[in-house]
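**Q** Model the structure of this input:
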Amino acid sequence: MRLYIGNKNYSSWSLRPWLLLRHAGIPFEEVKLRFDDMAPAGRFKQEALRLSPTGRVPVLEDGALRVWDSLAISEYLTERFPDKQLWPAEVQLRARARCVVAEMHGGFAALRKAFPMNIELHAPEIGPRVLGQQPAAAADLARIDQIFSSALSEGPGPWLFGSFGIADAYFAPVASRIRSYGLPLSAASQTFVTRVLALPAMQAWTQEALGEHEFVVEDEPYRSGPVAE
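**A** Residues are numbered from 1 along each chain as shown. A predicted model of the protein is given here:
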C-alpha cells in the first residue's frame, strides 16, 4: 500500500490515516506531496488531481484502488485488517466512537480556522487571546473537552474507547493544536492530549515535521516568516 500525504507540519488530514497505519504496524509506503501556493495550476494541486478527483490528500493506494478521504481510508483499513480492531469490538462503544469521529470529520470549523495545525509553532500566548475574541472557536474547544472527558470517565480506557483506534487518531491533530497554541482543557482531557503526543508513532511524525523547515503562508495566520534556525 502507498499513502500520499502533505507536509507533516501542516497536514492534519494526512496525519490521521498515517498514525493509524504506523501505530497498527501495517506496512505502507509514504509519498509526500509538498504544499506550494495551493493555486489550481500549482504543482501540489496538479499532482493531487492525478490521484483523486478532489485534488486533496491523503490518498491511499492499494493495488488499483485509490481511496481519497481520510474517514473512508480508515474504514477501508478496518475492513482490510480486521485483526487490528481499529474500531471498538463492543457495539455500543463502536457506535459512540463513530459519533465523535463524525463530529470531528464534519465539524469544528471555527477551531480549525482559528488554530490550524502547525507542529513547529510554539505560541501558548495565542490560544487564550483568540478564544476570547472568537466565541465559536471557544465553543468548539468546550465540546472537544467534553468529548474527551466523557469518553475517558465512562469508557474502559486508557484511550477514548478502549485500545487506540480511529477516534484517537482523528483527534491527534487537535492534541497538536492544543500544544501549539496553549489551549486550556480540563485535567482529564489534558491527560489524553499528553498520552497522544507521547505515542511513538506521533513522536515520529512530529520529529519529521520539525525537520521539514518549510513555510506555507496559507497555513500561517500568526507568523510572517519561518522560525530562525
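
**Q** okay, CA-based contacts and neighbour counts for the rest of this
**A** OK.

**Q** Against Met202, how distant is the most centrally placed residue in the chain?
**A** Relative to the mean C-alpha position of the chain, the nearest C-alpha, by C-alpha atoms, centre = their mean, is the one of Pro173, at 3.4 Å. As for Pro173, its distance to Met202 is 10 Å (criterion: C-alpha to C-alpha, to the nearest Å).

**Q** Now do the helices in this protein.
**A** Assigned helices in the chain, in chain order: 12-24, 43-51, 70-80, 91-106, 109-114, 126-133, 135-154, 166-170, 172-181, 187-198, 200-210 (criterion: DSSP state H).

**Q** Which strands or helices does the fourth one pack on?
**A** The helices and strands touching helix 91-106, judged by 3 or more C-alpha pairs under 8 Å, 6 or more residues apart in numbering; DSSP states H and E, are helix 166-170.

**Q** Repeat that for the last one.
**A** When contacts are defined as 3+ C-alpha pairs under 8 Å, 6+ apart, helix 200-210 sits against helix 12-24.

**Q** Neighbours of Ala187, how many?
**A** A total of 11 residues lie near Ala187 under the criterion other C-alpha atoms under 10 Å.

**Q** Quick check: pLDDT value at it.
**A** Confidence at Ala187, expressed as pLDDT, is 96.

**Q** Repeat that for Pro82.
**A** Confidence for Pro82, expressed as pLDDT, is 97.

**Q** now Ala209: how far from Leu152?
**A** When distances are taken as C-alpha to C-alpha, Ala209 and Leu152 turn out to be 29 Å apart.

**Q** And for Ser52?
**A** Taking C-alpha to C-alpha, one finds Ser52 at 37 Å from Leu152.
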